[in-house]
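Participant: From the sequence below, what's the structure:
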Amino acid sequence: GVGTVVGFTGSSIWQYLAMFPPVPEKVIDAGYQDFADRWNPILDVFDECGVRFAHEVHPSEIAYDYWTTVRTLEAIGHREAFGLNWDPSHFMWQGIDPVSFIWDFKDRIYHVDCKDTKLRPTGRNTVLGSHLPWGDPRRGWDFVSAGRGDVPWESSFRALTAIGYTGPISVEWEDAGMDRLHGAPEALAALKKYDFPASNTSFDAAFSQ
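Facilitator: Numbering: from 1, shown residues only. The predicted model follows:
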């Protein structure tokens, strides 16, 4: 009875994130071809079962930011079986606007994960994490309980309503500095206030009468 499966794809070219040492463009092309060769048969089975796959746009995967998402969809011919899991926590520290992402990929948002990120770059704390553990104050960013970070939740929920998203809203909770039994209910309450129904009338409708 499950209509959407959320997961990762992996990537044979993630190690070239910094593009140094330099590699020829054909190496990157081969990486997307490798993804297509592996995933088209998998997606054939998804189609047979009437199920969609929602890829979480995430570092270490074939689609990890805006332009790699564009190229990933192109690599498989924009098959409807392959969509996206929108998780803004991985967008924030990369500098991706999570609201614009919703609009630009509005026909591909198949699932929503709500996790928050707090940014704290200082000139020493960087976006790459410095091999420091979660919760270490020397990190340039960290996952926090929803509502305590920098994700623009209200704008995001309004955008999800605008594109007609009616799927699950999953609270993903990963705050290394807070007890989960305190944090999870708090995160749920913080998000519920933005999950309001859309208006069924226009505020300026009276002017047309």
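Participant: got any ranges where the chain has weak pLDDT?
Facilitator: Counting by pLDDT under 70, the chain shows low-confidence ranges at 206, 209.
Participant: so Arg79 touches Leu43, yeah?
Facilitator: Yes: between Arg79 and Leu43 there is a contact under C-beta atoms under 8 Å: 5.5 Å. Glycine gets a C-beta too; all of them are placed from N, C-alpha and C.
Participant: can you map out the helices along this structure?
Facilitator: Secondary structure of the chain (DSSP state H): helices at 25-49, 66-75, 89-92, 98-104, 153-162, 180-192.
Participant: quick one: Phe196 from Trp141, how far?
Facilitator: 29 Å (C-beta to C-beta, to the nearest Å).
Participant: out of these two, which sits in the more crowded spot?
Facilitator: Taking neighbours as other C-beta atoms under 10 Å, Phe196 and Trp141 compare with Trp141 leading, 21 against 11.
Participant: what about the residue nearest to Gly129 when sequence neighbours are not counted, neighbour count?
Facilitator: Counting by C-beta to C-beta, 6 or more residues apart in numbering, Gly129 lies nearest to Arg139, which is 5.6 Å off, once chain neighbours are set aside. By other C-beta under 10 Å, the residues close to Arg139 number 22.
Participant: give the contact list for Arg139.
Facilitator: Listed by C-beta atoms under 8 Å, 6 or more residues apart in numbering, the contact partners of Arg139 are Arg120, Asn125, Gly129, Ser130, Leu132.
Participant: give me that answer again for 7 Å
Facilitator: Asn125, Gly129, Ser130, Leu132 (C-beta atoms under 7 Å, 6 or more residues apart in numbering).
Participant: and the gap between the third one and Arg71?
Facilitator: So that's Ser130. 28 Å.
Participant: Ok, the last one next?
Facilitator: Taking C-beta to C-beta as the criterion, Leu132 is separated from Arg71 by 31 Å.
Participant: Also Ala81?
Facilitator: 18 Å.
Participant: So between those two, which is more surrounded?
Facilitator: Ranked by neighbour count (other C-beta under 10 Å), Ala81 and Arg71 place Ala81 first, with 20 against 16.
Participant: Could you count how many residues lie near Ala63?
Facilitator: For Ala63, the neighbour count with other C-beta under 10 Å is 24.
Participant: Gly83 now?
Facilitator: Applying other C-beta under 10 Å, we find 21 residues neighbouring Gly83.
Participant: Also Ala184?
Facilitator: By the measure other C-beta under 10 Å, the count of residues near Ala184 is 17.
Participant: pretty sure it contacts Asp175?
Facilitator: No: between Ala184 and Asp175 there is no contact under C-beta atoms under 7 Å: 9.2 Å.
Participant: re the thing from before, how about the contacts of Arg139 in a markdown table, adding neighbour count and distance to Ser170?
Facilitator: Shown next, in a markdown table, are these (neighbours: other C-beta atoms under 10 Å; distance: C-beta to C-beta, whole Å):
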| residue | neighbour count | distance to Ser170 |
| --- | --- | --- |
| Asn125 | 18 | 29 |
| Gly129 | 17 | 24 |
| Ser130 | 12 | 29 |
| Leu132 | 15 | 27 |
